[in-house]
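> Below is the structure, and that's it, no one-letter string:
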């Protein structure tokens, strides 16, 4: 199993300096039957 990189570690290493980065966040928020988000804590925290 591979370990996910933390962006803070990438920044500290200097690897991201002067580069454009893409961050994918999978928030998996709960939705009701119509697709409306019922709890948005993860979205607000990110």
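Now that the structure is in, tell me what you want to look at. Quick caveat: nothing in here was measured; it's all calculated off a predicted structure.
> Strands of the chain, residue ranges please.
Along the chain, no stretch is classed among the strands by DSSP state E.
> Longest helix in it, please.
Longest helix of the chain, by residue count under DSSP state H: helix 7-13.
> which residue is nearest the centroid of this structure?
residue 25 (2.9 Å; CA atoms, centre = their mean).
> where does the closest residue to it other than its chain neighbours sit relative to residue 34, distance-wise?
In space, and not counting its chain neighbours, residue 25 is closest to residue 46: 5.7 Å by CB to CB, 6 or more residues apart in numbering. Using the backbone N, CA and C atoms, a C-beta is placed for each residue, glycine as well. According to CB to CB, to the nearest Å, residue 46 and residue 34 sit 23 Å apart.
> Which one's more surrounded, those two?
Between residue 46 and residue 34, counted using other CB atoms under 10 Å, the more crowded position is residue 46 (8 against 5).
> The more buried one and residue 24, how far apart?
Distance, residue 46 to residue 24, by CB to CB: 11 Å.
> Also residue 40?
Taken as CB to CB, the span from residue 40 to residue 24 is 19 Å.
> now residue 7
Distance, residue 7 to residue 24, using CB to CB: 11 Å.
> ditto for residue 34
Distance from residue 34 to residue 24, by CB to CB: 26 Å.
> Then residue 11?
17 Å.
> same question, residue 6
14 Å.
> more crowded one of the two?
Per other CB under 10 Å, whichever of residue 6 and residue 24 has more neighbours is residue 6, with 9 against 4.
> and that one, how far is that from residue 40?
Residue 6 is 24 Å from residue 40, by CB to CB.
> What number of residues are in the vicinity of residue 17?
For residue 17, using other CB under 10 Å, the count is 8.
> Leaving out the residues flanking it, which one is nearest to it?
In space, residue 17 is closest to residue 11, 7.9 Å off (CB to CB, 6+ apart).
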